[in-house]
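Asks: sequence below, structure please.
(chains A and B)
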2 protein chains.
Amino acid sequence: MNYSSTFIPTLREVPADAVIASHRLMFRAGMLRKLANGLFAYLPLGFRSFRKVERIIREEMDAIGALEIKPTVVVPGEIWKESGRWDAMGDEMLRAKNRLGGDFVISPTAEEAFTAIVRDELSSYRQLPLTLYQINTKYRDEIRPRYGVMRGREFVMKDAYSWNRDEESLDKVYRAMGGAYRRIFKRCGLTVISVKADSGAMGGSGSEEFMVESEIGDNTLILCKCCDYAANVEKAGCKPDFSPRPSPGFAGSAAAETPPYEKIDTPEVKTIEELCAFIKNSDGSSAGTREFIKTLIYRALNVEIDLSAAPGCAKLERKNPAGEAPQSKGAAVYPEAFFAVAIRGDLDVNEVKLAAALKAGEVGLASDSDVVRLTGAPVGFAGPVGLVSLPVILDHSVTGMSDAITGALAKDLHYRHVAYGRDFEGWMIEDLRTVKAGDRCPLCGGELYEKKGNELGHIFKLGYKYTRSMNVSYLDENGKTCIPTMGSYGIGLDRTLASVIEEHHDDSGIVWPVSLAPYHVIIIPVKYDGAAKAASDKLTAELERAGIEVLLDDRGERPGVKFNDADLLGIPWRVVIGDKGLSQSSPQVELKRRSEKENRMIALDKAAAELAGKIKEELAELDG
Amino acid sequence: MNYSSTFIPTLREVPADAVIASHRLMFRAGMLRKLANGLFAYLPLGFRSFRKVERIIREEMDAIGALEIKPTVVVPGEIWKESGRWDAMGDEMLRAKNRLGGDFVISPTAEEAFTAIVRDELSSYRQLPLTLYQINTKYRDEIRPRYGVMRGREFVMKDAYSWNRDEESLDKVYRAMGGAYRRIFKRCGLTVISVKADSGAMGGSGSEEFMVESEIGDNTLILCKCCDYAANVEKAGCKPDFSPRPSPGFAGSAAAETPPYEKIDTPEVKTIEELCAFIKNSDGSSAGTREFIKTLIYRALNVEIDLSAAPGCAKLERKNPAGEAPQSKGAAVYPEAFFAVAIRGDLDVNEVKLAAALKAGEVGLASDSDVVRLTGAPVGFAGPVGLVSLPVILDHSVTGMSDAITGALAKDLHYRHVAYGRDFEGWMIEDLRTVKAGDRCPLCGGELYEKKGNELGHIFKLGYKYTRSMNVSYLDENGKTCIPTMGSYGIGLDRTLASVIEEHHDDSGIVWPVSLAPYHVIIIPVKYDGAAKAASDKLTAELERAGIEVLLDDRGERPGVKFNDADLLGIPWRVVIGDKGLSQSSPQVELKRRSEKENRMIALDKAAAELAGKIKEELAELDG
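Replies: Next up, the predicted model:
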């Protein structure tokens, strides 16, 4: 392709709102333009790379036996009402009314559409397992679209869905998908972090997110320096940590050295920092936040765990979530319950973990008046000692504390010299802390660190949510009606492409892995004229015959401009053809990899074969 | 691909609403399912063929230098307001409001989006000509979607747009597109009818529609039996036809034999049929409709042609369309004017032709009160003789009439023995008739006939409509600001695919051209077991290595069921492998073309090479 015949409007200036490299570079390299906030058009160069991502994904899906279909982008609102997500999706889902007043949805995802298609066709166990996918337009009305296609409103997603007879069959597809995703990202030249959900928190089902590190990532990841543990901070666990006074085995020995606990007046002390400054240790230093037991009162809704023997819960009754009379124990929940959560003063309670521990629909801090009612004191003076009006849940950190300071359940009063096991116990002991860099890995004990990450892909065992709500069934070998279980598997194409640029660029521009490069080679004649033109045209033709994609810069620009554009566009190999090299007894051209500083001269008549060989080798390595 | 590993839910029963072959067969062959009225999902088999149409179109677009881009499907309403089509598109355009109340459109076409992209990037004449295209989702909220994907609401269109410096450059792209379209349809195995718009009627610009014959076509086409003349009935012309009393050269000689015209009383006669029965010829027979001059009064809005010397128009004034004061003669029009149109009694006035002749925005029959005011008589008694209150426009047919009957501009009165040229003239003489089967070709005089047709593609010289309204400009060699002219070029993919099935099917199912077949070969082991299984697997592997797409029917169904499904699916080549053939001294398999009745035995070890050779030959022939 001749440069002058394509349409690559490069920019010298960076768009004002482009704060990340991929956004800047996709605009500067003429790959992308903005149509409206969160809506982008791929120009020819960008679309070439986009289609390569698409092809890699399609090949890997086909290779594991997933079958491609094409439902519509606009789908009837009815199926969303059936699944219950018409209301649940909120403003993120773009809706339209047709001329007859019917409700329609611009698909943000397609569990409903795929399930609607399959339920009408599924009759026999012989049709299972079945995995269908599409690579198609999605729309989510993001509140704050930004970072270019990294968080746009319209995007393309590969979304696959599987229907399986049982957990074992689902797990097989799930693992095949995981393998396909790893190959896809490898072929794209991407380093991904696999984040597996805590299976406990997900109710026994499996989930794996494929993340890339990103300064503007939506997710905070907790990673281990010593093993491959990776988790979203919302779900990350850690090894119990009993410092500052660690006493493995605890409690007797450490507590034995602690004086009996005593009340101290703490007038006008509101925050934990004021309390630290106020209380002096025996050596005269201020107390540290790690010496405090922070006790928070939580209100939880729709609690599933058994509270029949929990302190202060005798009067609670299970009800069905919709407010009907209890039918089965499994379905019924406690609509509202309160809990005290005690944690070391320097740590934060992770509400996702708390909700998972309680199997609660929702948890949040109790109101001030509930705190007064339950603890007999205003906010700021709760503590586990003598607290019997509600269940006390201890974070592991508290079980290592043998000389602590806590609220004394009365205004302006605290206790000191409080020891776990001697002065109080917990109704439940759980890992409830928000893990931080420096905590220890729950698998190997190694040091944990934090990264910001963006999710590129997600594979997820859905279970029966949609097959039940949308009435999907089949007949098994014995003619019995059965409900299949489902999996859902998505990858965002736009975000994947942008992430490749995030990982592969330098100050001069993009540095494409050869698998996604819009062209493999850029040929730059110093002047597109005479012998240089003839050599450029010939080399282009030879390379194209060998299946190599060539951009021939035939513009009448200065060499410096062409070199800068070649660097900006990020074409992996650059060949410069000038009269000087051509006038040698054996004509030479200059060869340079985009990723390297050095160039070298090679014989013109060997250039095509050598380049084609190298490119195919690199492609095979990425694909391998 | 093994049949049992894919998902082809064939149906024995035809969906109740499927009245055309492609709709029936796409459902029965498991290619397509309905999500909602006018919304369809392609299943794996259907999507394979769909992607082949897509690939052919993409290859032909790329071959003529069109560049593929990907704008969004959801586009901002703003650009539609700029072009003026926000209001003009009406209910057919699906609109949505986002969470901030902004207006968005689910693209029904993309002149606006492409123009918005190009205007920001276009700076120099060096960037022109520029042709961009997309293959992307479109949505049109059809009032009555039907016939499956032949007239669905969501569909995929290849739409290309070109920007050119001048008419010559535009014409070059336009002709290249025409060539590409012809190759696309040929490669798809489709017989298309090219319908060129009357260049007069389109105001000097060009337009070509690519139609296929269809019993349920939206368009009535007029075709010539002797040459390749083809036109939409709305615009079809025909050779002037002076029968029943043709007199080439006219008027004196024929009129000389006609007695002077005279009044006849025609009481209580309302319709032309009653008039025919009422008036007897000299030989006692009833008059035929061809002996009458039908005279209709039309009201025309926004008339461009000069009326300054037209009868009854002295008081008319040109105004700018928006009602502003006249600025340039070109822009100003007569907001309202009336015309009498005289045509032979057996013919109908084509209002599109009339509007084109008057360069009017709109034409329609005048109200009864306007007829009384302008003709001095109630509806039914207008005639050209003595009519001076408004311009009289004659269809060519009237100029051949030398002894006609007309209204006499008074209630219950007609004239007979009226002769054109002797008793009346026209202010304008035009071809205004709606052409019918049996009329004569305007090019060669051959007999015209009618067909119903569906439009698959349309190429169109748009001119400056969008570049002017949306402010697109570039600088020419001299630094002068110029506005580019545009072309627009569309093909509907879904409709193209369905049309191929319409043209290629029989009572048993689809008969795919090899270029679009979801698989090239179906291999049917009589029983997928033992030697037949081994031979089937081996032949499949050999064919796949040769690049041939194979569906291996490994199901445990009876051979009859498999044969019926193979016919229904329409796979071009069928290989049946049974123990009988395999047990020959030289093992044989049965080979059959879907399009032929006969089958023949060929040696198993030569089957792969022979089949691969034949298939590649057929593909090359379609592509050639």
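Asks: could you look up the SS state of the residue nearest to the spatial centre of chain A?
Replies: What sits nearest the mean C-alpha location of chain A, by Cα atoms, centre = their mean, is residue A:455, with 3.1 Å. When classified by DSSP: H, G, I helix; E, B strand; the rest coil, residue A:455 comes out as strand.
Asks: tell me, how many neighbours does residue A:20 end up with?
Replies: As a burial measure, residue A:20 scores 17 neighbours (other Cβ atoms under 10 Å in any protein chain shown). In this view, the C-beta of every residue, glycine as well, is placed from N, C-alpha and C.
Asks: which residues touch it?
Replies: Listed by Cβ atoms under 8 Å, 6 or more residues apart in numbering or on different chains, the contact set of residue A:20 reads A:147-148, A:150, A:214-216, A:502.
Asks: just give me the closest of these to chain B.
Replies: Nearest to chain B, judged by Cβ to the nearest Cβ, of the contacts of residue A:20 is residue A:148 at 13.3 Å.
Asks: and residue A:583, how far from residue A:553?
Replies: 21 Å (Cβ to Cβ, to the nearest Å).
Asks: who has more neighbours, the two?
Replies: Legend: neighbour count by other Cβ under 10 Å for residue A:583 and residue A:553, higher for residue A:553 (24 against 10).
Asks: just after the worst-scoring helix or strand of chain A on mean pLDDT, pick out the following helix or strand.
Replies: Of all the helices and strands that make up chain A, helix A:252-256 has the lowest average by mean pLDDT, DSSP states H and E, namely a mean of 61. Following helix A:252-256 in sequence order, the next helix or strand is strand A:262-265 (DSSP states H and E).
Asks: what does that next one rub up against?
Replies: Residues contacting strand A:262-265 (Cβ under 8 Å, 6+ apart): A:279, A:408, A:412-417.
Asks: list the ones among these that fall in strands.
Replies: Residues of the contacts of strand A:262-265 located in strands (DSSP state E): A:413-417.
Asks: thinking again about what came up before, among the contacts of strand A:262-265, which two are most distant?
Replies: Based on Cβ to Cβ, the longest span within the contacts of strand A:262-265 runs between A:412 and A:417 and measures 18.5 Å.
Asks: next one: the helix or strand where residue A:461 lies to chain centre, how far?
Replies: In the assignment (DSSP H and E), residue A:461 maps to strand A:448-463. Relative to its parent chain, strand A:448-463 has a centroid offset of 3 Å by Cα atoms, centre = their mean, to the nearest Å.
Asks: do the same with stretch A:21-28
Replies: So, by Cα atoms, centre = their mean, the centroid of stretch A:21-28 is 22 Å from its chain's centroid.
Asks: can you give me the helices in the stretch 51-200 of chain A?
Replies: A:77-83, A:85-88, A:111-121, A:167-187 (DSSP state H, counting those that start in this stretch).
Asks: including mean pLDDT and distance to residue A:493, could those go into JSON lines?
Replies: JSON lines is the format used below for the helices of the stretch 51-200 of chain A (pLDDT from 0 to 100; distance: least, Cβ to Cβ, whole Å):
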{"stretch": "helix A:77-83", "mean pLDDT": "94", "distance to residue A:493": "24"}
{"stretch": "helix A:85-88", "mean pLDDT": "91", "distance to residue A:493": "23"}
{"stretch": "helix A:111-121", "mean pLDDT": "96", "distance to residue A:493": "18"}
{"stretch": "helix A:167-187", "mean pLDDT": "96", "distance to residue A:493": "10"}
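Asks: of all those helices, which one is nearest chain B?
Replies: Judging the helices of the stretch 51-200 of chain A by Cβ to the nearest Cβ, what sits closest to chain B is helix A:111-121, at 4.3 Å.
Asks: list the buried residues for that closest one?
Replies: Residues A:111-119 are the ones in helix A:111-121 that count as buried (16 or more other Cβ atoms under 10 Å in any protein chain shown).
Asks: where along the stretch 351-500 of chain A do the strands fall?
Replies: Secondary structure of the stretch 351-500 of chain A (DSSP state E, counting those that start in this stretch): strands at A:360-365, A:392-395, A:404-407, A:413-418, A:428-430, A:448-463, A:474-475, A:481-482, A:485-492.
Asks: one more: the stretch 1-150 of chain A?
Replies: Under the criterion DSSP E, counting those that start in this stretch, the stretch 1-150 of chain A carries strands at the ranges A:32-36, A:39-42, A:67-68, A:74-76, A:94-97, A:103-106, A:130-139.
Asks: so how far is residue B:553 from residue A:387?
Replies: For residue A:387, the distance to residue B:553 - Cβ to Cβ - is 72 Å.
Asks: try residue A:5
Replies: Relative to residue B:553, and taking Cβ to Cβ, residue A:5 is found at 47 Å.
Asks: residue A:162 pairs with what?
Replies: For residue A:162, the beta-bridge partners are residue A:131, residue A:487 (DSSP bridges).
Asks: let me fix that: residue A:338
Replies: On the basis of DSSP bridges, residue A:338 is bridged to residue A:299.
Asks: surely it meets residue A:301?
Replies: No: Residue A:338 is beyond contact range of residue A:301, at 10.9 Å (criterion: Cβ atoms under 8 Å).
Asks: flag the shaky bits of the stretch 301-450 of chain A, pLDDT-wise.
Replies: The model of the stretch 301-450 of chain A has pLDDT under 70 over residues A:321-331.
Asks: whatever residue of the stretch 301-450 of chain A ends up closest to chain B: how many residues sit nearby?
Replies: Scanning the stretch 301-450 of chain A for proximity to chain B using Cβ to the nearest Cβ identifies residue A:362 as nearest, at 23.7 Å. For residue A:362, the count of nearby residues is 11 (other Cβ under 10 Å).
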